[in-house]
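>>> return atomic coordinates for the entry below.
(one chain, ligands or ions: 2)
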Amino acid sequence: MARAKIALIGAGMIGGTLAHIAAREELGDVVLFDIFEGTAKGKALDLSEAAPVFGKDSNLKGTNDYADIAGADVCIITAGFPRKPGMDRSELIGKNLGVIKQVAEGIKEHAPKAFVICITNPLDAMVWALQKFSGLQPRKVVGMAGVLDSARFRYFLADEFGCSVEDVHASVLGGHGDTMVPLVRYSTVNGVPLPDLIKMKWTTQERVDAIVERTRKGGGEIVGLLGNGSAFYAPAESAIEMAKSYLRDKKRILPCAVRLSGQIAGVRGLYVGAPAMIGARGVEKVMNIRLKQDEREMFMNSVEAVEKIIADCKEMEPELKD
Ligand SMILES: NC(=O)c1ccc[n+]([C@@H]2O[C@H](COP(=O)([O-])OP(=O)(O)OC[C@H]3O[C@@H](n4cnc5c(N)ncnc54)[C@H](O)[C@@H]3O)[C@@H](O)[C@H]2O)c1
Ligand SMILES: O=C(O)C[C@H](O)C(=O)O
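Ligands and ions are numbered 1, 2, ... in the order given. The predicted model follows:
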């Protein structure tokens, strides 16, 4: 059977890390695309020269020609600009909306059957615009944020309890911004929900509240520390998890930015984070979780934040207006 083809649009910090993981895990052949041809070719060659050392076979190609992504099974998009310390992700639309338009046209022309995972920020608005510009089926276009946000939540909780990260499960809903909704009631250690762990005196409500707040601002914490760029290891691992679920038809249920059609709080037509089953048909199901009043309010607050960014995108690109 032919190897899968994985197109990485954007060969910067996340794009290079994605290529490294895909090659080490022999997920398929990799095409690294970037407007800077040298960056894409240089990283592809460097990784090809690493492959004999780690002993895995994948073809890696660097390019600035969309024709090279033809027939890709998966496209992961990181093309665009990261924020700088003090910036909000929403301030990136001025630069990144135009980039997403170009990327959407490239994928529509050369890889229209691919499963497309967008990472570029501001995430929920960019994946919404990507689907609109490309006209691809919504079930084949998703955004990566929830896997990352819940991984941060899991790490902070495992650190709090001094236990393995493997035994902590957590879910984060809503837009990928400071209004995201880490779901305390649905987050567990060995199946035991956080509110029970508070009753068992493993932690306190105040400490859980602080962890929720740290999770919401997790991206900004890394941006502040790096000074020039944003997180790339955890985002790349997160997107690979989503790509693997599609390529291997694993039907993982992962928090992803998906286009909702009423499953959560009746929201329709908008991309926001929700638990979704990812299999060979793309998004195969979205969990219609029921929210309590306070959770619903937080979720709707996050939805409003995404709607505001989308309204700004429509002003910039009238073709995005319905
Ligand atoms: N969704 C998330 O959870 C999440 C997490 C981390 C970063 N991000 C976002 O991902 C994006 C990429 O981050 P990064 O750290 O890899 O940035 P980076 O600057 O290292 O890489 C971006 C790459 O995109 C390329 N590029 C720019 N315009 C392009 C175009 N028109 N066509 C093709 N390539 C183009 C650049 O040359 C660069 O190599 C940023 O917008 C960042 O905010 C999102
Ligand atoms: O915070 C950022 O700007 C990058 C990304 O969205 C993240 O959460 O790490």
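>>> in the stretch 101-250 of the chain, which residue sits nearest ligand 2?
As assessed by Cβ to the nearest ligand atom, ligand 2 sits closest to Gly219 within the stretch 101-250 of the chain, at 2.2 Å. C-betas here are computed from N, CA, C, even on glycine.
>>> what's the neighbour count on that residue?
26 (other Cβ atoms under 10 Å).
>>> report the separation between it and Met144.
Taking Cβ to Cβ, to the nearest Å as the measure, Gly219 and Met144 are separated by 12 Å.
>>> pretty sure the residue of the stretch 101-250 of the chain closest to ligand 2 sits against Ala234.
No - applying Cβ atoms under 8 Å, one finds Gly219 not in contact with Ala234, separated by 9.8 Å.
>>> can you map out the helices along the stretch 201-322 of the chain?
Assigned helices in the stretch 201-322 of the chain, in chain order: 205-216, 218-226, 233-247, 293-316 (criterion: DSSP state H, counting those that start in this stretch).
>>> go through the ones you listed and pick out the most buried.
Comparing the helices of the stretch 201-322 of the chain by mean neighbour count (mean count of other Cβ atoms under 10 Å), helix 233-247 comes out on top with a mean of 22.
>>> and it with helix 218-226, angle?
Between helix 233-247 and helix 218-226, the angle formed by their directions is 140 degrees, by axes from the mean of the first three to the mean of the last three Cα atoms, to 10 degrees.
>>> what about helix 233-247, average pLDDT?
What helix 233-247 shows for mean pLDDT is 98.
>>> could you do stretch 173-183 as well?
On average, the pLDDT along stretch 173-183 is 96.
>>> which residues sit against it?
88-90, 121-124, 143, 145-146, 149-150, 153, 170-172, 211-212, 215-217, 219-220, 255, 257, 264, 272-275, 289, 295, 298-299, 301-303, 305-306 (Cβ atoms under 8 Å, 6 or more residues apart in numbering).
>>> so which of those residues also contact ligand 1?
Asn121, Leu123, Ala145 (Cβ under 6 Å from any ligand atom).
>>> so which of those reach ligand 2?
By Cβ under 6 Å from any ligand atom, the members of these lying near ligand 2 are Asn121.
>>> please list all residues in contact with the residue in the stretch 1-150 of the chain positioned nearest to ligand 1.
Ligand 1 sits closest to Gly12 of the stretch 1-150 of the chain, with a gap of 1.8 Å, by Cβ to the nearest ligand atom. The contact partners of Gly12, taken as Cβ under 8 Å, 6+ apart, are Asp34, Thr39, Thr78, Pro82.
>>> which ones among these are found in helices?
Applying DSSP state H to the contacts of Gly12, the entries found in helices are Thr39.
>>> now tabulate the contacts of Gly12 in a markdown table and tack on pLDDT and neighbour count.
What follows is the contacts of Gly12, written out as a markdown table (pLDDT from 0 to 100; neighbours: other Cβ atoms under 10 Å):
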| residue | pLDDT | neighbour count |
| --- | --- | --- |
| Asp34 | 98 | 23 |
| Thr39 | 98 | 18 |
| Thr78 | 98 | 28 |
| Pro82 | 98 | 22 |
